[in-house]
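>>> how does the following fold in three dimensions:
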Amino acid sequence: MNNSEPTEVNKELEQQRKMTGYLSMFNFLLAFLVGYYYGFHYAALLTALVSFVIGFRSDIEDFPLFKKIWKLASPFVFMIGIGFINPTVIPLGVSGVLFTTLGLHLKSLKKPMILNVLMGLASMSLAAYGALVEYPRFIQNVLGEEKYEAISNFEVHDLQGVPIQLSSLKGKVVIVDFWATWCKPCRDEFLELQPLVKEFEGNMDVVFLIINAKNSDDSVAKILAFEKENNYELPFYKDHTGGASSNLKVTSFPTLVVIDQRGMVRFSQSGYSKAENLKGFLSSKINGILKE
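Model prediction:
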């Protein structure tokens, strides 16, 4: 009888350890999927909520706090560690670790439930502000870069074969976006570019060149089919020679560039995460340049 009791206790502890690992991986994978499909700012908020609940509701053995954090949030610690490869995921990792710690700490205080609820709401308010306000700003700063660089002339063709040269657009603000049909972030970015194009369609001083890059391997026929299938209303062009991509040093898709009236590159961004408020940022940027 006495021998069986420790065995049962050990089985229960082992089950708790397994459940801890399952919860940790579930939280991590859920955050990744939400970020990939809906935007990593939403993932950061969801991570904060789930991590806080897991931390508060966990019933793992009486280890020191740092060991409990490691058990519950180790995938997010790893995410912070790989931030040097992709800095945009660092806040997501921080969210997982921070709110796991808050949940564990709040549980250790053993306060009345009403105080737990109030502190939990305050924590989620902080998470919402960080995820929905500060995170998009962080992403925009990581992906985008303010510049003031001259650019050589280039020529692209619209989908009917009519050429247009950058030099012919002097005196106008030109927004150039490089993309490919197989690029999912490009398609996601179009959801913000379409209303932006609509916003400035009556302004003769603003021009959009949505350029399918030469190394995209997309034919004009494929682009036309892609445009029709998705009901896009964007000014598509094709970089047949690769001159535009080369002049603007395009190495990934999407790459977006803002060129001012004097032909100077004022802003460039490589990549798109769905977290940044790209439409609002570009609208403000364009209007600011027009007023100069």
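
>>> centre of the chain versus the helix or strand that Val142 is a member of, how much separation?
According to DSSP states H and E, Val142 maps onto helix 135-143. Put simply, helix 135-143 sits 8 Å off its chain's centre (C-alpha atoms, centre = their mean, to the nearest Å).

>>> now whichever helix or strand comes after it: average pLDDT?
Sequence order places strand 144-150 as the next helix or strand after helix 135-143, per DSSP H and E. Across strand 144-150, the average pLDDT comes to 93.

>>> what residues does the helix or strand following strand 144-150 touch?
Later in the chain than strand 144-150, the nearest helix or strand by DSSP H and E is strand 155-158. Residues from elsewhere that reach strand 155-158, judged by C-beta atoms under 8 Å, 6 or more residues apart in numbering: 163-166, 209, 211, 235-241, 243-244. The C-beta positions use only the backbone N, C-alpha and C, and glycine is treated the same way.

>>> closest to Pro254 out of the residues you listed?
Ile211 (10.2 Å; C-beta to C-beta).

>>> SS state for Asp59?
coil (DSSP: H, G, I helix; E, B strand; the rest coil).

>>> how many neighbours does it have?
8 (other C-beta atoms under 10 Å).

>>> likewise for His105?
For His105, using other C-beta under 10 Å, the count is 15.

>>> okay, and it sits in which element?
Per DSSP H and E: helix 90-109 holds His105.

>>> find the nearest non-adjacent residue to Asn277, please.
Pro136 (5.2 Å; C-beta to C-beta, 6 or more residues apart in numbering).

>>> tell me the contacts of the one you found?
His41, Ala275, Glu276, Asn277.

>>> and Leu169, by the same measure?
Val207, Ile259.

>>> I'd like the distance from Leu224 to Asp218, if you could.
Distance, Leu224 to Asp218, by C-beta to C-beta, to the nearest Å: 10 Å.

>>> who's more crowded, those two?
When Leu224 and Asp218 are compared on other C-beta under 10 Å, the one with more neighbours turns out to be Asp218, at 19 against 13.

>>> that one: what secondary structure?
Going by three-state DSSP: Asp218 is coil.

>>> one step back: let's see the pLDDT reported for the residue nearest to Asn277.
89.

>>> same deal with the one 5 residues further on?
As predicted, Asn141 sits at a pLDDT of 89.

>>> repeat for Ala44
Value listed for Ala44 in the pLDDT field: 91.

>>> that one against Gly93, yeah?
No - using C-beta atoms under 8 Å, Ala44 is not in contact with Gly93, being 9.4 Å away.

>>> residue ranges with poor pLDDT in the stretch 1-150 of the chain?
1-21, 60-62 (pLDDT under 70).

>>> so what touches stretch 101-113?
Residues contacting stretch 101-113 (C-beta under 8 Å, 6+ apart): 51-58, 65, 68-69, 72-73, 116, 119-120, 123.

>>> which of those residues count as buried?
51-56, 58, 68-69, 72-73, 116, 119-120, 123 (16 or more other C-beta atoms under 10 Å).

>>> find the residues that touch each one of Ala44 and Gly93.
Common neighbours of Ala44 and Gly93 (C-beta under 8 Å, 6+ apart) do not exist.
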